[in-house]
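[1] Kindly generate the corresponding structure for this input.
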Amino acid sequence: MNAEPLKISSELRNIAVKSIDQARTAFGGFVEAAQNVASGADRATVELHSDVKTLGSKAIGYGEQNVKSALDLAQKLAESTTPEEALKHQSEYLKAQIAVMQEQAKDLGSSLKATAEGLGSTVKHALNL
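    Here you go, the predicted structure:
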């Protein structure tokens, strides 16, 4: 019993690739708009706003990185010719993404802590404590 391996049709893969390209384009527009909003906040900032802007920029950057990784995975899945190949790509993505997200959470936590400490210092100074 030699069962022929399952194949994913090229037509289905082409449709998936086009959809992914459209998602990349839409997401690129979203990121550009978010960055423009973050840049516009510069005009009316004080010392604390600078820290918050930096934190927001990091979060946007990490979000962008994570969505791009997911879209890259989707591209690989769309181009996979067998379920085994697709499962391999998904497994590699999950392993890498867990490590990336742990590092991102650690970095954002450290930045948030520093921002909160700066806020406390700014409030103390403003209240002459």
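[2] Tell me the buried residues in the host helix or strand of residue 13?
    Of the helices and strands defined by DSSP states H and E, residue 13 is found in helix 10-40. Of the residues in helix 10-40, those buried under the neighbour-count criterion (16 or more other C-beta atoms under 10 Å) are 16, 20, 24, 27, 31, 34. For glycine as for every other residue, the C-beta is placed from the backbone atoms N, C-alpha and C.
[3] pLDDT score assigned to the third one?
    We have a pLDDT of 92 for residue 24.
[4] List the contacts of it.
    For residue 24, the set of contacting residues under the criterion of C-beta atoms under 8 Å, 6 or more residues apart in numbering consists of residue 71.
[5] Can we start the residue count at 19 from this point?
    OK, 19 is where the count begins now, so the last one is residue 42.
[6] The protein: helices as residue ranges?
    28-58, 65-97, 101-144 (DSSP state H).
[7] Let me have the buried residues of helix 28-58 in a markdown table, extended by distance to residue 127.
    Compiled in a markdown table, those are given as follows (distance: C-beta to C-beta, whole Å):
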| residue | distance to residue 127 |
| --- | --- |
| 34 | 36 |
| 38 | 32 |
| 42 | 30 |
| 45 | 26 |
| 49 | 23 |
| 52 | 22 |
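[8] which one of those sits closest to residue 139?
    Taking C-beta to C-beta as the measure, residue 52 is the one of the buried residues of helix 28-58 closest to residue 139, at 28.9 Å.
[9] ok, the residue nearest to the closest one when sequence neighbours are not counted to residue 96 distance?
    Leaving out its chain neighbours, the residue that sits closest to residue 52 by C-beta to C-beta, 6 or more residues apart in numbering is residue 78, at 5.3 Å. Shown here: residue 78 relative to residue 96, a distance of 26 Å by C-beta to C-beta, to the nearest Å.
[10] same check, this time on residue 21
    Counting by C-beta to C-beta, the gap between residue 21 and residue 96 amounts to 24 Å.
[11] In terms of neighbours, single out the busier of these two.
    Each of residue 21 and residue 96 has its neighbours counted (other C-beta atoms under 10 Å); residue 96 has more, 18 against 5.
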